[in-house]
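Participant: what follows is a predicted structure for the sequence shown.
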Amino acid sequence: MATVSQDVEELTSVFQELQKILDSKHAHLLQQLYRLHDEKRKQQETISTLRLELKLSQSQSQQLTSRKQEYKDLYLKSREEIELYKQELKKSQRKIQEYENFYKHLEGVESNLAKQLEAIQNKEIELDEREKRLQIHSEDLNSKKKETDKTKSPPDEQKRPLRRRSSSVDGRKRLPKKPQYGVIHPGSITHDTIQQQFIEYYTKHKRQYGSLLSKHGKQSASILCHIMQIAFDKSKNKIIEVVQQTIEKKQTDHEVIKAISLLRKSRLVLNNEADILEIKRLFLLPIYTKEYQGSPGGWEEKKYAYSILLNSSDINKHAICATLEKEVTDEVLKMLTNIDHIIADMVKKAAQLSWDMVTLVPPAIVAQPLEYYDEWQEKRYSYWKEENTDQALIYYRPVVFFSALGHVACKGEVGNILPTDLAARDSIQLPKTQPLTRPESLKPHNPCVGDLGKNYGMKRLN
């Protein structure tokens, strides 16, 4: 029994120790289980966070891919633009080189013009001295003629007044005589010679034929005005037609291409009709301005293009002047019942003079503005009434402009009284019109010609 009790106690103690061991193991296992559970929970949280980050990374990757494609497209587009800019740069460099060559050419022309101007000035001095000697000789001849007239009275048709230079040229020298026919003659037909020839045209015909026309009941001044205006309009239409044919038929000619490029500079519409319109603008007068404000944009280019087209055109002045003379004669026949040798001479001289006007560079213009300005017209007092402010102007001499810039070469002569209102004024003594002179305010008239000079780059055409 004692042994059994001892064994039971030993077993009990062993069992208690085992129970303690099991309890400690159980507590340790529970701790490990709790720790593993916490670690699993943390791992799940980490996995969730990583999944969110993965989704965010995928969206960012897609955005980066789209941006990469955009940048790639932008890069390709930039390369294309750079290539275009390089091409434009090459074109600009070629144009700059052409302009530099052109400016060098202009400098050479300017130096030549300066030398020619100096030679002309020396020639003017020489001609002034010669003119003084001729005036002295003329006075001697007049005195001798008066003495001869006292002793002998020749028939009227043999009385020839000594041809003297008109005093209306403001004491200037007589410029070289215009050659007979020829489209453009460098150095001979200029704006100054056209001005003088127009003045001489009126003074000569009024002096020679004024009395004869009055006997036939014709007003010489009015007829001269109509003939000159008709001749200029016909010449203007003819030269525009010639230029148009040159542009259409010689589009492969180097000089014509150069002229067209000048006309189309800074212009959006690029066709032949617009080019002809640019040429027509050389014959249009601007709105009246009190003072000259400078040349409009593209003025020098238009003048240069016009001179090139004149040189490149096929012009036979003999045939053109004959055609103009016939056309003007047909128009004059609509006003007069018949044409005698007086009118025929006026028509012939008007056709030649107007053709020389339109072939100048820039072309001179004959016009009859509708409004009165002191700088443009002068009053014919015998046909003028200050109260007739609403009456349309009646022209007895048209206005001649050096160019479309509006500089006056010769003032027009106007009235505002209708012929039916003249009977009541026959007994009134009215002052005569002023002499035909160049306006003092427009001397010198170089601005109307411009930097390219008169007849720049012209060649002789037959």
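Facilitator: On my side now, so go ahead.

Participant: ok, now how distant is the most centrally placed residue in the chain from Val361?
Facilitator: Note on the chain: the residue nearest the mean C-alpha position is Trp299, at 3.4 Å, using CA atoms, centre = their mean. Separation of Trp299 from Val361 (CB to CB, to the nearest Å): 12 Å. Glycine gets a C-beta too; all of them are placed from N, C-alpha and C.

Participant: and what of Glu39?
Facilitator: Distance from Glu39 to Val361, by CB to CB: 103 Å.

Participant: looking at these two, which has the bigger crowd around it?
Facilitator: Neighbours were counted for Glu39 and for Val361 using other CB atoms under 10 Å; Val361 has more, 26 against 10.

Participant: count the residues that sit near Glu10.
Facilitator: Neighbours around Glu10, by other CB under 10 Å: 10.

Participant: whoops, I mixed them up, Glu83
Facilitator: Counted with other CB under 10 Å, Glu83 comes out at 10.

Participant: equivalent analysis for Leu224, please.
Facilitator: Around Leu224 there are 23 residues (other CB under 10 Å).

Participant: which of the helices or strands spans it?
Facilitator: Secondary structure from DSSP states H and E places Leu224 in helix 220-249.

Participant: which strand or helix spans Glu200?
Facilitator: Assigned by DSSP H and E, Glu200 falls within helix 191-215.

Participant: now do that helix, average pLDDT.
Facilitator: Helix 191-215 comes out with an average pLDDT of 76.

Participant: equivalent analysis for stretch 3-16, please.
Facilitator: pLDDT averaged over stretch 3-16 gives 85.

Participant: would you mark the buried spots in that stretch?
Facilitator: Residues of stretch 3-16 classed as buried by neighbour count (16 or more other CB atoms under 10 Å): none.

Participant: and that stretch, C-alpha only, in CSV?
Facilitator: Extracted in CSV, the C-alpha atoms of stretch 3-16 (Å, rounded to 0.1, in the frame of the first residue of the first chain):
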residue,chain,number,x,y,z
THR,A,3,4.4,1.6,-2.3
VAL,A,4,1.2,2.2,-4.2
SER,A,5,0.6,5.5,-2.5
GLN,A,6,4.2,6.5,-3.2
ASP,A,7,3.7,5.6,-6.8
VAL,A,8,0.4,7.6,-7.0
GLU,A,9,2.1,10.6,-5.5
GLU,A,10,4.9,10.3,-7.9
LEU,A,11,2.5,9.9,-10.8
THR,A,12,0.5,12.9,-9.4
SER,A,13,3.7,15.0,-9.3
VAL,A,14,4.6,13.9,-12.7
PHE,A,15,1.2,14.7,-14.0
GLN,A,16,1.3,18.1,-12.4
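
Participant: from now on call the first residue 533
Facilitator: Renumbered: residue one is now 533, and that last one reads stretch 535-548.

Participant: in this structure, which helix is the longest?
Facilitator: Scanning the chain for the helix with the most residues, using DSSP state H, yields helix 534-683.

Participant: how close does Trp831 sit to Glu787?
Facilitator: 20 Å.

Participant: what is the neighbour count of the nearest residue to Ile771 once chain neighbours are set aside?
Facilitator: Take Ile771 and drop its neighbours on the chain: the residue closest to it by CB to CB, 6 or more residues apart in numbering is Val890, 4.4 Å away. By the other CB under 10 Å criterion, the neighbourhood of Val890 contains 22 residues.

Participant: can you pull the contacts of Val890?
Facilitator: The contact partners of Val890, taken as CB atoms under 8 Å, 6 or more residues apart in numbering, are Phe764, Ser767, Lys768, Lys770, Ile771, Phe815, Ala896.

Participant: try 7 Å
Facilitator: Listed by CB atoms under 7 Å, 6 or more residues apart in numbering, the contact set of Val890 reads Ser767, Lys768, Ile771.

Participant: give me the buried entries from the residues you listed.
Facilitator: Ser767, Lys768, Ile771.

Participant: check contacts around Leu865.
Facilitator: Contacts of Leu865 by CB under 7 Å, 6+ apart are Ile871.

Participant: pLDDT weak spots in the chain?
Facilitator: Residue ranges of the chain with pLDDT under 70: 681-720, 738, 740-753, 798-801, 819-829, 951-994.
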